[in-house]
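> Fold the stuff below for me.
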Amino acid sequence: MPRTFGELFDWFDAGLADAGDPHFQRLARGQHHPGTLRRFYRRLRRVVHESSGIFRVDAGPSRPLELETFAAGRATVVDLASLADSHLQRFVVAALLKQAKELQTGGRAVRGMHYLFVLDEAEPLRAQGQQRPDHQAGRGGRRRAAGRAA
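As a prediction, this is how the structure comes out:
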């Protein structure tokens, strides 16, 4: 079984060329249409290759963001703006929040330890279709009153 994205890509290439192992053949003959598998593969390749180093194609040295390694009592800045894709920005934020939750509730929880996350210019991180809270508040009577005064 593939252990890196590079090996997974090779596995997909071989499988899509009808030279894959029995696991891929079972996947291809199952409930997944070959076009769906190709589409998934193209998207996965794009995400991995355009991830600005978040995902590594091959095994090698990596420096994952681990909350445990951040210095206590000091601010740590994670530059999300350097990630052009808002999906990757959401991925990084979710990974950090998940770590904080696990560190606060797991057996390794440190009594009195708290994490503060400040998301500056977090507009792209908002889920699609959601409105900003300050925009929702502005829909009340103030707009109507301003409209009558004009």
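> Domain-wise, how is this structure divided?
5-49, 67-126 (automatic domain parsing).
> Show me where the chain dips below the pLDDT cut-off.
61-62, 121-150 (pLDDT under 70).
> would you list every one of the helices in it?
5-16, 22-29, 34-49, 86-105, 133-137, 141-149 (DSSP state H).
> do you know how far Ala95 is from Gly15?
Per Cβ to Cβ, to the nearest Å, Ala95 is found 29 Å from Gly15. Where C-beta positions appear, they are placed from N, C-alpha and C, glycine not excepted.
> ok so, going back, format the helices of the chain as a markdown table; extra columns: distance to His114 and mean neighbour count.
Below are these laid out as a markdown table (distance: least, Cβ to Cβ, whole Å; neighbours: other Cβ atoms under 10 Å):
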| stretch | distance to His114 | mean neighbour count |
| --- | --- | --- |
| helix 5-16 | 35 | 16 |
| helix 22-29 | 44 | 12 |
| helix 34-49 | 33 | 13 |
| helix 86-105 | 8 | 15 |
| helix 133-137 | 24 | 9 |
| helix 141-149 | 36 | 8 |
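> Output these as JSON lines; include the columns distance to Arg74.
Formatted as JSON lines, these follow (distance: least, Cβ to Cβ, whole Å):
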{"stretch": "helix 5-16", "distance to Arg74": "33"}
{"stretch": "helix 22-29", "distance to Arg74": "47"}
{"stretch": "helix 34-49", "distance to Arg74": "32"}
{"stretch": "helix 86-105", "distance to Arg74": "16"}
{"stretch": "helix 133-137", "distance to Arg74": "30"}
{"stretch": "helix 141-149", "distance to Arg74": "42"}
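> Tell me which of the ones you listed lies nearest to Asp79.
helix 86-105 (9.8 Å; Cβ to Cβ).
> List the residues that contact Gly15.
Shown in contact with Gly15 (Cβ atoms under 8 Å, 6 or more residues apart in numbering): Asp21, Phe24, Gln25, Leu27, Ala28, Leu37.
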